[in-house]
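Q: Got a sequence here, can you build the structure:
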Amino acid sequence: MLASVFNKSRPVNYVLISCVLVLCYFLYNLKDTSWTESYLLVGQKTALLFLLGGSLFLTNFITRRNTLSKANTYAMFLFMVFMVLFPTILTNINIIISNFFVLLALRRLISLQSLITPKEKIFDASFWIFAAAIFHFWSILYIGLVFISIVFHVSRDYRNWLIPFIAFFAVSVLYIMAGLMMGEGFFKNLLEEMEVSFDFTYFENIYQNIALAIFSSITALFAFPYIFSITNKPLNLQSSHKKIIYSFLIGVTIYVLSTDKNNSFLAFTFAPLAIMGANYFESQENNWFKEVLLGLIVLIAGFIFISQL
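A: As a prediction, this is how the structure comes out:
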């Protein structure tokens, strides 16, 4: 049922996904209702909901616009399921903002394959990555994907290699100006995040541990077939699919290196893994298998989510 519904791109699919996101968002955030007493916090929560919705639609846009999958909404749906599986992301302000900026950068980097206005795309992607690093420092690792994209497409023009440094200067100026206006605490938070931690004993309950184990199994199921299928993709799309792999690996690295980590830090892997998942479901010819697998993933994610309310 689910696989057949999201096998196509129809307006009702976007409505269903949006409704589930809104429902889960408020169910989880209403565990603590103190924010409802402040208009400022209500506005903040609303803005974050729009950013989460924007992340979903950006993932769908990247997938469809760059032909990373067929005309379906699997990627968008799987991204939403991952958020349900790891509901701590629904309250992590910095990760929501940082991941949204990274997706804006990924959109520009994937479209670089067209070779239309490459310099503007390199600058935009670099700018968004450095902006993302302000909210979560280790997302700066995505600047490596910028240089990988330059190697793939426009390495012969030396000016392209300098553009990320120009973007860094631009973001630095804006960051310093904002810091001077907001006080020393604005700088202190970023400095604290520059530390490295390999402490994985952060689980608040057994359900977070189970969710990570399930996510690891889903990763293995989606990633390995995707990696081995890249050589069968059209030549003009292979570099784009490779960027998805690199993006996922960088997301995992961010999770591993980050201090004060929790499951929400895996948000950087959601979009690339969702795209891999879309390709996996497209490759399955057995409809019953697709229905059972997708239904099982949704049921497990729903159970984990309800257990943490």
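Q: Tell me the helix or strand right after the helix or strand hosting residue 25.
A: Using DSSP states H and E, residue 25 falls within helix 11-29. The helix or strand immediately downstream of helix 11-29 is helix 39-65, counting by DSSP H and E.
Q: Work out the gap between that next one and the centre of the chain.
A: Relative to its chain's centre, helix 39-65 lies at 11 Å (CA atoms, centre = their mean, to the nearest Å).
Q: how big is the angle separating the helix or strand just after that helix from helix 39-65?
A: Scanning forward in sequence from helix 39-65 by DSSP H and E, the next helix or strand is helix 74-85. If you take axes from the mean of the first three to the mean of the last three CA atoms, to 10 degrees, helix 74-85 sits at 150 degrees to helix 39-65.
Q: Nearest residue to residue 78 in space, please, no chain neighbours.
A: Excluding the flanking residues, the one nearest residue 78 by CB to CB, 6 or more residues apart in numbering is residue 274, at 4.0 Å. Any C-beta I mention is one placed from the backbone N, CA and C, and that applies to glycine too.
Q: For the host helix or strand of the one you found, which helices and strands make contact with it?
A: Assessed by DSSP H and E, residue 274 sits inside helix 267-283. If you count contacts as 3 or more CB pairs under 8 Å, 6 or more residues apart in numbering; DSSP states H and E, helix 267-283 packs onto helix 39-65, helix 74-85, helix 93-110, helix 206-229, helix 235-257, helix 287-307.
Q: least trustworthy helix or strand in the chain by mean pLDDT?
A: helix 185-193 (a mean of 69; mean pLDDT, DSSP states H and E).
Q: a markdown table for the helices and strands packed on helix 267-283, including mean pLDDT, distance to residue 17 and mean neighbour count?
A: Listed next are these as a markdown table, based on pLDDT from 0 to 100; distance: least, CB to CB, whole Å; neighbours: other CB atoms under 10 Å:
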| stretch | mean pLDDT | distance to residue 17 | mean neighbour count |
| --- | --- | --- | --- |
| helix 39-65 | 94 | 6 | 17 |
| helix 74-85 | 96 | 5 | 27 |
| helix 93-110 | 96 | 16 | 23 |
| helix 206-229 | 94 | 18 | 16 |
| helix 235-257 | 95 | 21 | 18 |
| helix 287-307 | 93 | 12 | 16 |
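Q: Select, out of those helices, the one closest to residue 167.
A: helix 93-110 (10.1 Å; CB to CB).
Q: what angle separates the closest one from helix 74-85?
A: In terms of direction (the same axes, to 10 degrees), helix 93-110 departs from helix 74-85 by 160 degrees.
Q: ok, then the element right after helix 93-110?
A: Where DSSP H and E defines the elements, the next helix or strand beyond helix 93-110 is helix 118-135.
Q: In this structure residue 239 contacts residue 152, no?
A: Yes. Counting by CB atoms under 8 Å, residue 152 is a contact partner of residue 239 at 4.4 Å.
Q: and for these two, which residues touch both?
A: residue 113 (CB atoms under 8 Å, 6 or more residues apart in numbering).
Q: re earlier: buried ones in the helix holding residue 274?
A: For helix 267-283, the neighbour count (16 or more other CB atoms under 10 Å) marks 267-281 as buried.
Q: ok, now stretch 145-153?
A: Residues 145, 146, 148, 149, 150, 152, 153 are the ones in stretch 145-153 that count as buried (16+ other CB under 10 Å).
Q: ok, and the closest non-adjacent residue to residue 195?
A: Nearest residue to residue 195, sequence neighbours excluded (CB to CB, 6+ apart): residue 259, at 4.9 Å.
Q: Give me the three-state assignment for the one you found.
A: At residue 259 the chain is in coil, as set by DSSP: H, G, I helix; E, B strand; the rest coil.
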